[in-house]
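Trainee: Predicted structure and sequence below. I'll ask about it afterward.
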Amino acid sequence: MSGLRINRLRVDAFRGITGSVELDLRPALTVIYAANGTGKTTLCDATEWLLTGQVHRLCTGNAFDSALLVSKFAPGAEPTVEAEMELDGRPLYLRRDRSGARLGATRAQARPVQPGALLATLTAPARQDAGWEPHHVTAIRRRQQFLRATHILTAEELATLLDTDPETLGRRKEIFADLLDIREEHDSAGRLRRYADALLPDENALSQAVAEARKELAGATRALRRSGPRPSDEEAHLGERLLGMDAGSPGPRRVEALAAEIGRRRQAHAASMSAMAAVDEGWASRRTTGRELADGLAEEGRVSAALGMARIRASELAARARAASEAFHGVDRRRAESVGFRGAVAPRLPEMASAGAAAGLAPDATLATLRRLPEARMSAALRQERAAELAALARLAVGMPELDRRVAAADDRLSRLLASLPDEEEVRRRDGELAAASGGLEAARRRLAEIGQPLQRLRAEALAFLGHRHADADCPVCGHDWRTHERLRASVEAMLGGGPSLVAGLEREVANGERRVRQAGAAVAEATRLRGEVDALRRSLAQDAQVQAEFARRVRHVGPAATVTDLSGALSRLRRRVDAVEALQALEDELGARTPRFRSVLPDDTPLRAAAARFSAAMEAELASVSQERQGAQAAAMAAAEASRAAQARAEAARGELEALRGRLTHLRALQDGLARAWAVVAGDARLSVRARDEAREVIRHVDAVLTRAEAHLGAAKAARATEADRERVGQLGARLTRERNRLELIRGGRAAAARGADAFERHAAEAARQRVVQLSAVVNPLFARMHANRLIDCIEFGEGADFLRWCAGAGEATLDPTRDFSQGQRQDLALSLFIARARSLGGTFFLDEPVTHMDDLNRVGLLDVLRAVTLSGNGRLRLVVTTSSRLLARHLTEKFARVARDRDPPPMQVVEMHGNGRNGVAAAVTFPGRSASAGGIARTRET
């Protein structure tokens with residue numbers, strides 16, 4: 001069985017892959033190298049979606065939204081994944097988009113297919129049962145889990161094979177059940193266990209109900225034996241007569257009416273007893289409470305008046321404190337304004353004085369001098385334009401002497417060229433000579449061609465004629481007119497002797513003509529060159545003259561004459577003058593509303609050189625005055641605040657005293673009111689006296705005795721009534737106990753049968769698994785030993801009995817539990833070994849997404865050997881697709897497979913490098929074994 005093998009995979013507009021990526025996955029090992037964010041995990045997600053119809057890591061619970069597959073950078077494109085596959089040796093074509101899947105042997109035969117039917121087809125070679133669950137929803141979910149667990153290994157799945165938490169342990173058992181081909185027994189045992197567990201709450205509930213019914217029946221039987229002699233109606237009648245009630249109708253309601261009346265009277269009696277206790281509590285202190293209440297009312301008036309006066313005084317002092325604080329803050333603001341004013345002006349004054357000195361202003365120049373400059377009347381934009389123009393002219397002025405020298409040299413060169421330049425008549429004469437020489441040359445060449453070539457052909461034919469023989473002898477016919485053949489030869493040779501001299505003369509004539517043409521052409525070319533150089537010099541002189549004129553015009557426009565001796569210095573001084581005016585104007589613009597203050601501190605007649613010193617002295621004096629005023633205001637504010645706090649404290653003390661007094665008065669009033677209410681309850685309108693109190697106490701005692709006797713009759717009536725009801729309940733309880741015992745026996749029998757069936761399935765599964773465990777362990781041990789670089793573990797073994805899915809590791813005489821004793825890296829090494837062993841057992845195409853992120857350098861070398869050995873020994877059954885962002889891993893794998901024959905098609909290993917990202921597009925290219933992927937790819941499907 002070769003399993004499910006993917007030959008070619010094409011992904012279009014799927015999440016991070018906005019365009020199209022097509023991969024040839026026929027090699028036994030395909031390494032997809034790309035930087036993070038290129039789309040490696042997207043390829044694994046696309047494969048999972050193609051096979052299962054969902055991407056597990058994008059699911060929310062059991063729900064999956066296909067809108068998550070649409071690329072964020074190509075929202076209008078429809079995600080599509082298609083593949084050419086082999087299923088147990090049979091060709092298969094599968095295509096999926098968001099509307100559904102199409103399946104067939106070829107593209108032309110592909111037809112829409114339902115999810116359940118597709119999953120059943122893809123998992124059929126690996127499953128021996130006809131169906132996994134009677135319900136199709138459960139079957140679809142488990143088949144999706146099987147395909148995802150057996151063909152795609154992610155970083156999360158690495159931990160799943162070893163974790164022991166309840167959720168992961170159940171998933172790990174399902175994975176191994178698929179691996180060991182005992183899924184049917186595992187699921188059947190699980191269903192029977194779940195059935196038995198589902199019956200357990202009912203069994204417990206029935207057991208508890210039977211026990212309670214048995215206990216209740218025993219209690220009811222004992223109560224019947226202890227029942228009193230008199231019936232309930234007789235006891236109720238005695239209670240009614242004791243309370244002075246009318247006789248009620250026989251039955252349960254008579255007892256209830258008696259109980260309600262006793263409860264009502266007992267509630268009223270309890271209120272009377274509580275009121276009597278309150279009267280006794282406040283009886284001794286009633287006169288003292290009255291006196292304290294009168295004294296407290298008088299004291300309340302006095303303290304309230306004192307509190308009013310204290311509050312008025314505190315309000316006045318608080319107003320004074322606020323006024324003093326505002327005065328202090330006003331002085332503080334003035335000081336801050338002065339400091340800010342000094343900080344804004346002081347740094348600018350030296351800069352302005354320096355600019356004025358550099359501008360060439362007089363040593364006694366003042367601020368008024370700056371304000372009267374023409375630049376001061378310009379706008380800011382005009383000043384910027386003037387500064388830029390002066391800077392440009394200064395740069396041009398540096399190169400003007402060189403320009404003058406170049407113009408003088410060009411004038412001299414032009415004069416010499418004009419002296420040697422031929423006139424128009426000479427040029428026409430040279431042109432005529434060139435034309436005549438060219439005509440003579442062409443005529444000589446024509447004569448040479450007309451005479452020389454025929455003569456050459458005639459000479460060749462004559463020589464051939466002379467060599468002609470007839471039957472190895474001189475031809476008598478050809479020599480007939482000359483009598484002999486020798487005379488004919490002499491005549492022909494005499495005729496041919498003049499031909500070469502004629503041709504030589506023509507060739508000399510052609511050579512002389514070519515020489516005359518070259519001489520005439522050189523004379524004409526020299527005249528043309530001189531005229532071109534003269535024209536170029538004239539154009540250059542015109543351009544230089546234009547530049548000089550434009551420079552002179554711009555210099556005149558900005559001020560100095562172009563003939564000034566130090567033009568660069570003059571332009572620099574004009575530029576610095578603009579800077580000085582700009583500095584003054586910028587300072588006043590920044591000051592804004594504070595400009596009048598600036599002009600008052602530094603009037604127009606202030607010299608620029610002394611401006612900084614005068615401003616500093618003026619501001620120091622002003623700050624000293626303001627600081628002294630601030631100290632006085634601060635002291636006044638602190639004194640006012642202290643007086644306000646003291647007055648506020650006195651007012652708070654008076655308020656606290658008043659609140660305490662009022663609390664005491666409230667307590668005294670409550671005592672008086674409570675005593676009055678309690679007396680009204682126990683004595684009504686009677687006058688408060690000792691005799692009335694004693695009479696009320698006797699009445700309460702009598703009522704309590706009557707109610708006690710009535711309650712005794714009520715209890716006897718209830719007991720008699722309960723006995724009558726118990727007689728009826730005993731029969732009902734016996735019948736219910738029988739029914740619940742029968743149901744309990746039925747449920748216990750069902751649970752026992754389910755447990756026996758589950759045990760049988762588990763024994764069969766354990767026996768079948770134990771036979772396959774040895775084979776899987778034989779593969780895992782060498783893989784883990786080579787992959788785990790640190791030689792610590794000797795062997796990896798399965799557990800025994802029902803615990804066969806728990807691994808154990810032997811390290812010498814010690815036995816380690818990987819789930820508890822292994823490090824995270826060791827656990828992941830073991831998990832990777834298990835997955836590769838499972839892949840070898842199933843066969844097909846398997847994806848490993850970033851399997852080396854946890855490994856050190858030696859572990860990676862071991863993994864390279866494992867991958868090489870597994871893929872080369874798989875005989876085409878096993879294909880691995882490994883994604884990585886490590887260039888070193890891809891290079892080392894290339895070196896591992898470099899000696900393997902490259903002429904095989906497909907090659908045993910290929911490296912596919914991906915470039916780009918979801919925004920700019922993703923491209924894939926085969927970089928090893930150094931040839932492009934096969935052209936027979938998957939063509940784009942045209943939807944109709």
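Mentor: Looks like it came in fine. Residues are numbered from 1 along each chain as shown.
Trainee: just checking, what packs against the longest helix anywhere in the chain?
Mentor: In the chain, assigned by DSSP state H, the helix with the most residues is helix 690-787. For helix 690-787, the elements it packs on are helix 166-179, helix 183-225, helix 232-243, helix 252-283, helix 608-683, strand 795-798, helix 824-842, helix 857-872, judged by 3 or more Cβ pairs under 8 Å, 6 or more residues apart in numbering; DSSP states H and E. In short, each C-beta sits where N, CA and C put it, glycine included.
Trainee: Which neighbouring elements make contact with the last one?
Mentor: Secondary-structure packing of helix 857-872 (3+ Cβ pairs under 8 Å, 6+ apart): strand 29-33, helix 690-787, helix 824-842, strand 878-884, helix 887-896.
Trainee: With Phe146 as the reference, name the closest of these.
Mentor: The closest of these to Phe146 is helix 824-842. By Cβ to Cβ, the value is 10.2 Å.
Trainee: by how many degrees do the following helix or strand past that closest one and strand 29-33 diverge?
Mentor: Sequence order places strand 844-849 as the next helix or strand after helix 824-842, per DSSP states H and E. Inter-element angle recorded for strand 844-849 and strand 29-33: 30 degrees (by axes from the mean of the first three to the mean of the last three Cα atoms, to 10 degrees).
Trainee: what's strand 844-849 in contact with?
Mentor: 2-6, 25, 40-41, 43-44, 47, 150-155, 832, 835, 839, 877-883 (Cβ atoms under 8 Å, 6 or more residues apart in numbering).
Trainee: could you redo the last one with a cut-off of 6 Å?
Mentor: 3-6, 41, 44, 47, 151-154, 839, 879-883 (Cβ atoms under 6 Å, 6 or more residues apart in numbering).
Trainee: Looking at the longest helix of the chain now, give me its mean pLDDT.
Mentor: Mean pLDDT, computed over helix 690-787, is 75.
Trainee: domain parsing for the protein?
Mentor: Domain assignment for the chain, taken from automatic domain parsing, gives 4-162+843-928, 331-392+571-640, 393-568.
Trainee: how far does the longest one stretch from start to finish?
Mentor: Distance between the two ends of domain 4-162+843-928: 25 Å, counting by Cα to Cα, to the nearest Å.
Trainee: and the end-to-end length of stretch 104-120?
Mentor: Terminal residues of stretch 104-120 lie 14 Å apart, using Cα to Cα.
Trainee: List the buried residues in it.
Mentor: Residues Ala110, Val113, Pro115, Leu118, Leu119, Ala120 are the ones in stretch 104-120 that count as buried (16 or more other Cβ atoms under 10 Å).
Trainee: Which residues outside that stretch are in contact with it?
Mentor: Contact with stretch 104-120 is made by Gly53, Pro91, Tyr93, Gly100, Ala101, Arg102, Leu103, His136, Ile140, Arg143, as judged by Cβ under 6 Å, 6+ apart.
Trainee: So which of these are in strands?
Mentor: The strands, defined by DSSP state E, take in Pro91, Tyr93, Gly100, Ala101, Arg102, Leu103 from these.
Trainee: Look up how far Leu43 lies from the third one.
Mentor: Gly100 sits 22 Å away from Leu43, taking Cβ to Cβ, to the nearest Å as the criterion.
Trainee: So these two - more neighbours on which side?
Mentor: Each of Gly100 and Leu43 has its neighbours counted (other Cβ atoms under 10 Å); Leu43 has more, 29 against 13.
Trainee: Please write out the alpha-carbon positions of the host helix or strand of the more buried one in PDB.
Mentor: In this structure, Leu43 is located in helix 40-52 according to DSSP H and E. What follows is helix 40-52, C-alpha atoms only, in PDB (Å, rounded to 0.1, in the frame of the first residue of the first chain):
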ATOM      1  CA  LYS A  40       5.600  28.200   4.300                       C
ATOM      2  CA  THR A  41       2.900  27.600   6.900                       C
ATOM      3  CA  THR A  42       0.400  28.900   4.300                       C
ATOM      4  CA  LEU A  43       1.400  25.900   2.000                       C
ATOM      5  CA  CYS A  44       0.700  23.500   4.900                       C
ATOM      6  CA  ASP A  45      -2.600  25.200   5.600                       C
ATOM      7  CA  ALA A  46      -3.600  25.000   1.900                       C
ATOM      8  CA  THR A  47      -2.800  21.300   1.900                       C
ATOM      9  CA  GLU A  48      -4.800  20.700   5.000                       C
ATOM     10  CA  TRP A  49      -7.800  22.600   3.500                       C
ATOM     11  CA  LEU A  50      -7.500  20.700   0.300                       C
ATOM     12  CA  LEU A  51      -7.700  17.300   2.100                       C
ATOM     13  CA  THR A  52     -10.000  18.100   5.000                       C
END
